[in-house]
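Asks: After the sequence you'll find the predicted model.
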Amino acid sequence: MKNTDSAKGNQVSEGASSTPGAVDTTEKGTGAAAEPQIVPEVVVGHGDERESEPYTPGEIVEPKANWPVFLLSALGIAIIVAWATIAPDNAYDTLGSTTGWIANNLGWFYILTATICVVFVLGVALSRAGAIRLGPDHARPEYRLFSWSAMLFAAGIGVDLMFFAVAEPVTQYYAPPVGAGETREAAENAVVYALFHYGVTGWAMYALMGMAFGYYAYRLNMPLAIRSALYPLIGKRIHGPVGNAVDIAAMLGTVFGIATSLGIGVVQLNYGLKLLFGWEEGPTVQIALVTAAVGVATLSAVSGVDKGIKRLSEFNVILAITLAVYIVVSGQTAFLFDALIMNIGDYVTQLPSMSMDTYAFSETPEETKEWLGAWTLFFWAWWVAWAPFVGLFLARISRGRTLRQFVFGVLTVPFLFILGWMSFFGNTALSRVIGGDSAFGEAAVAEPQRGFYDLLASSPGATFLVGLSTMVGLLLYITSADSGALVMSNFTSKVTDSRQDGPVWSRIFWAVLVGVLTIVLLQINGVETVQNATVVMGLPFAIVMYFIMLGLIRSLKLETIHNEARSVSIHAAMSGRSSGEKEKGAWLRRLSRASTWPGAKDAQKFMSETARPALQDVAEQFNSRGLNATLVSAKVPGIDVKQLDLTVTFDEEQSFRYQIYPVELPVPTFTRSTSDGSVYYRLEVFDLMGSMGFDVYGYTQEQIKDNIMDLYERHLEFIHIQRNLPGTSDHSDGAEPVRAWTDDPGLAVDTDEK
């Protein structure tokens, strides 16, 4: 945004990078232009090693590998690959028997975990903690509601939806878990089972992980890593073997979750290519498809075509919707909408009982346990395995939203698409089976990859539909492989900045290894083997999810106490009554402040002549009483007004912070600025959680000092109150606080959302 204030061109000439508070634009070691680095000036206190570093991150440096996590994860997967290659029959039998044991003995655990995730995320959303943002308090969503919904929408689409949209309803019609098959009751419940397995239960797991990633990374400024969520429970031990074990559990689950999706996608696409080009189903085509996915992931990593792939993914959403609409319009439209409404009602009414149904009193326990392992337990394990992957994506696109908005958006928007997709395709298939086409139904059960394509083959424009669905599936398959490689690289790297991604070589390595794993497992009785492997490998991370929930409970409870403590002081500060202005004419001075729109010169003059002396005096008084206070002054990127940052540290307790930060805003149309420019500056008070929402421009030194003390006293009260809680009041692992709030669109003039 162009700043028309006449002071703009006079501020940057403060000196070279050696001058305190100046801008250093030279990237050391390369000589290339980097993001301007703000070198702070320590006004009071000795500071620490971080106070001497630039306030802006400059160039994003590629992180290093976390070798214990990387090597142990790779070794574990390599052992499984070697085992399945050397002794495929033994691998198949072992995975099958282990899955059976889990279904018989630990099925209740998966079912309970899935239900608790739903209750937990809804509880957070409906509680006072639901108002907490994934980011600082002043942050606002980066994406408009429509764009955000579209991305959530895209997250709900996978090639497996094509695989199961026909295969599961038909299978549930022929062989439901309870009752007789091929009955009216079986037909009514067939799609409901599919909706249950793809419904809000699974998305609650994604919401949990997205909440954990987003809260600790964007709210507490910690690394975008799973172990960050465990800091409230185990403290510094997250950097040792315990943290590594958590990351390894997440990696193994993610690897097999992605391998399952790729395996299903390969089998599905192989059949589609057979219909289009006559290519035989078998290892040759399947290996070629896996190789193509690995190749695209490698190309994306080395050439930076990620944005193009993302655009392709967004376009794919349109194609998928087009396919679903065509099926409705060209088919039994009235019947499909009747069935959709019925499915919605049945799903809503049956969800509570289905969520906790372990079929303990089944009349056919062996068959029911087999069904449970093949369907519900597999899907819950699959959701668990994908939760870190999708949760990371959801967190990245949801910065600035409240936890309440995030949870309800994640639980509803993707499911709306899934609801329509499953109902339209599933009921079309059921209508065909009930109408007498038993050959179609039996083929869909015996070879699930055929069901979707055989259904399209009987529709008008069959060749076009088969080609379109194959292209949709291929694009979904490739983008899943590419995104999966990126996430796995992040999980096995020491990522310290939420803008960072893992090394390129690591991304390529994981793409290749998962590709090899997928090929090997597919040769052992196809999709069934990768499904069994997912049930087994998802179990460790299901346990980790409980610790993540406990960590979030502690952190959100602590922050709720903190917000209540500081809100008392903010009320007085909003009106500028910190010094108790009671004398005659005080209201006129308040009116003057409320009707002043300072430009850069006036704002900087206030910071230099009023705010800085006030903060300096307070900081010196803190230090004279044995406290550890530091006052720092530094430029703000792109703004001609310096910030002031007062910090008081308390060993392991949460630091007290009082930062006066210039916020550039457009001058309201109903008034005039004190300068000739189109913008003015609010000198807002920030703490560790972002803007507190009030402007101190026009305050006297005494008012600023009183305001600091009001907030400081409330901070001490917060530390006192939280002593009844386990651990310390600092859940950020001592993370460096945000100094320049450049990542938050709520502070910029040009806030057009993407």
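Replies: Done, it's in.
Asks: Let's check: the centremost residue of the chain is which one?
Replies: Ala395 (2.0 Å; Cα atoms, centre = their mean).
Asks: before we move on, what SS does that one have?
Replies: helix (DSSP: H, G, I helix; E, B strand; the rest coil).
Asks: so who does it touch?
Replies: Counting by Cβ atoms under 8 Å, 6 or more residues apart in numbering, Ala395 touches Leu134, Met209, Gly210, Met211, Phe213, Gly214, Ala217, Tyr218, Leu224. Bear in mind the C-beta positions are built from the backbone N, C-alpha and C, glycine included.
Asks: Longest helix of this structure, counting residues only.
Replies: helix 527-574 (DSSP state H).
Asks: Now Leu665: which helix or strand?
Replies: Applying DSSP states H and E as the criterion places Leu665 in strand 653-666.
Asks: and Arg554, what does it touch?
Replies: By Cβ under 8 Å, 6+ apart, the contact set of Arg554 is Pro232, Leu233, Leu725, Pro726, Gly727, His731.
Asks: Trp421 now?
Replies: With Cβ under 8 Å, 6+ apart, Trp421 has these contacts: Leu161, Ala165, Ala320, Ala324.
Asks: ok, so of the residues you listed, who is nearest Gly484?
Replies: Closest approach to Gly484 among those (Cβ to Cβ): Leu161, at 16.9 Å.
Asks: which SS class is the closest one?
Replies: Per three-state DSSP, the local secondary structure of Leu161 is helix.
Asks: so what secondary structure elements neighbour the strand holding Leu665?
Replies: Under the contact definition 3 or more Cβ pairs under 8 Å, 6 or more residues apart in numbering; DSSP states H and E, strand 653-666 sits against strand 639-650, strand 679-687, helix 701-721.
Asks: buried set for that strand?
Replies: Buried residues in strand 653-666, counted by 16 or more other Cβ atoms under 10 Å: Glu653, Gln654, Ser655, Phe656, Arg657, Tyr658, Gln659, Ile660, Tyr661, Pro662, Val663, Glu664.
Asks: nearest to Val290, of those?
Replies: Gln654 (49.0 Å).
Asks: That closest one and Asp687, how far apart?
Replies: 10 Å (Cβ to Cβ, to the nearest Å).
Asks: List the buried residues of stretch 505-515.
Replies: Quick answer for stretch 505-515 (16+ other Cβ under 10 Å): Ser506, Arg507, Ile508, Phe509, Trp510, Ala511, Val512, Leu513, Val514, Gly515.
Asks: what about burial for the contacts of Trp421, which qualify?
Replies: Neighbour-count burial (16+ other Cβ under 10 Å) applied to the contacts of Trp421 gives Leu161, Ala165, Ala320, Ala324.
Asks: My read is that the last one contacts Met422, right?
Replies: No - with contact defined as Cβ atoms under 8 Å, Ala324 and Met422 do not form a contacting pair (10.0 Å).
Asks: Correct me if wrong, but Gly727 is in a strand.
Replies: No - Gly727 sits outside any strand when classified using three-state DSSP, being coil.
Asks: now for the helix or strand Leu513 falls within, which elements pack on it?
Replies: Element membership of Leu513 [criterion: DSSP H and E] is helix 504-522. The contact analysis (3+ Cβ pairs under 8 Å, 6+ apart) places helix 504-522 against helix 67-86, helix 241-277, helix 283-303, helix 462-491, helix 527-574.
Asks: and that helix, what's its mean pLDDT?
Replies: Taken as a whole, helix 504-522 carries a mean pLDDT of 92.
Asks: Show me how far that helix is from its chain's centre.
Replies: From the chain centre to the centre of helix 504-522 is a distance of 24 Å (Cα atoms, centre = their mean, to the nearest Å).
Asks: Confirm that Arg140 sits in a helix.
Replies: No - with three-state DSSP as the criterion, Arg140 is coil rather than part of a helix.
Asks: Compute the number of surrounding residues for it.
Replies: The tally of other residues near Arg140 (other Cβ atoms under 10 Å) stands at 16.
Asks: Got phi/psi on it?
Replies: In terms of degrees, to the nearest 10, the main-chain angles of Arg140 are phi -130, psi 160.
Asks: pretty sure it contacts Ser691?
Replies: No - with contacts counted by Cβ under 8 Å, Arg140 stays clear of Ser691, the gap being 10.9 Å.
Asks: so where's the stretch 101-250 of the chain shaky on pLDDT?
Replies: For the stretch 101-250 of the chain, the stretches flagged by pLDDT under 70 are 156.
Asks: Tell me where it has helices.
Replies: Using DSSP state H, counting those that start in this stretch, the helices found in the stretch 101-250 of the chain span residues 107-126, 145-155, 159-174, 184-198, 200-214, 231-234, 241-277.
Asks: Against which helices or strands is the shortest one packed?
Replies: Packing partners of helix 231-234 (3+ Cβ pairs under 8 Å, 6+ apart): helix 527-574.
Asks: and the helix it packs on, average pLDDT?
Replies: For helix 527-574, the mean per-residue pLDDT is 85.
Asks: next helix or strand past the longest helix of the chain?
Replies: Taking DSSP H and E, what comes next after helix 527-574 is helix 586-594.
Asks: Check what pLDDT the residue nearest to the centre of the chain gets.
Replies: Note on Ala395: pLDDT of 91.
Asks: what's the answer for Leu411, then?
Replies: On the pLDDT scale, Leu411 is placed at 96.
Asks: hang on, isn't Val178 packed against Tyr359?
Replies: Yes - using Cβ under 8 Å, Val178 makes contact with Tyr359 at a distance of 6.8 Å.
Asks: Not including adjacent chain positions, what is the nearest residue to Tyr218?
Replies: What sits nearest to Tyr218 in space, not counting adjacent residues and going by Cβ to Cβ, 6 or more residues apart in numbering, is Gly135, at 4.2 Å.
Asks: What about the one you found, how many residues nearby?
Replies: Using other Cβ under 10 Å, Gly135 is surrounded by 29 other residues.
Asks: do the same with the one 10 residues further on
Replies: Leu145 is flanked by 13 other residues according to other Cβ under 10 Å.
Asks: again with the one 3 residues further on
Replies: Neighbours of Trp148 under the rule other Cβ under 10 Å: 22.
Asks: Same check on the one 3 residues further on?
Replies: When neighbours are counted by other Cβ under 10 Å, Met151 registers 22.
Asks: That one reaches Arg144, doesn't it?
Replies: No - using Cβ under 8 Å, Met151 is not in contact with Arg144, being 10.8 Å away.
Asks: Am I right that Phe70 is in contact with Thr492?
Replies: Yes - using Cβ under 8 Å, Phe70 is in contact with Thr492, at 4.1 Å.
Asks: Looking only at neighbour counts, state which of these two leads.
Replies: Higher neighbour count among Phe70 and Thr492: Thr492, with 28 against 25, using other Cβ under 10 Å.
Asks: What confidence value was assigned to that one?
Replies: Confidence score, pLDDT, at Thr492: 94.
Asks: Then Ser300?
Replies: Per-residue confidence for Ser300 comes out at a pLDDT of 76.
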